[in-house]
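> model the structure of this input:
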Amino acid sequence: MNLGFSEMLFIFLLALIVVGPRRLPELARQFGRIMGEIKRASNDFQAQVQEEVRQLEIEETAKKFEKSIGLDEAEVASPAILPPEGAVVREAAPGPEKPASDTAPESHQEQSA
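Sure, this is the predicted structure:
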């Protein structure tokens with residue numbers, strides 16, 4: 001909004017006639033406060049938009065990087081825990097397949113029949 005000197009002078013004189021000389025400074029202060037709040041809100045909105053754009057760019061860059069080194073989220077495996085160097089690793093002993101209490105009733109039924 002480009003206002004020249006003549007347009008601003010006309011607006012000032014019109015406001016002086018409509019509002020009066022006593023209320024004009026008060027209205028000018030209120031107008032200044034309102035414009036400051038609008039500018040502050042506009043700057044906050046701009047900062048939020050720029051932050052969101054920056055976050056999206058970071059995510060895109062991370063995806064491109066993962067794709068370029070051959071990693072895919074589905075293919076990423078959890079790291080294996082390896083024993084210390086020089087340690088002897090034994091296989092885990094197999095656990096009992098069935099508890100003895102499960103097999104006992106079957107053999108008891110066969111004997112009584």
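
> grab the nearest non-local neighbour of Leu16.
Using CB to CB, 6 or more residues apart in numbering and skipping residues adjacent in sequence, the residue nearest Leu16 is Leu24, 5.9 Å away. (Each C-beta comes from the backbone N, C-alpha and C, glycine too.)

> what's the helix or strand hosting Ile34 packed up against?
Using DSSP states H and E, Ile34 sits within helix 24-68. Helices and strands touching helix 24-68, by 3 or more CB pairs under 8 Å, 6 or more residues apart in numbering; DSSP states H and E, are helix 5-19.

> what does the helix it packs on rub up against?
For helix 5-19, contacts defined as CB atoms under 8 Å, 6 or more residues apart in numbering pick out Leu3, Leu24, Leu27.

> of these, which is the nearest to Glu85?
Lowest distance from Glu85 to the contacts of helix 5-19 (CB to CB) belongs to Leu3, with 79.7 Å.

> give me the neighbour count for that closest one.
Leu3 has 10 neighbouring residues, counting by other CB atoms under 10 Å.

> how many neighbours does the nearest residue to it once chain neighbours are set aside have?
Sequence neighbours aside, Ile11 is the residue nearest to Leu3 in space, at 7.7 Å (criterion: CB to CB, 6+ apart). Number of residues near Ile11 (other CB under 10 Å) recorded here: 11.
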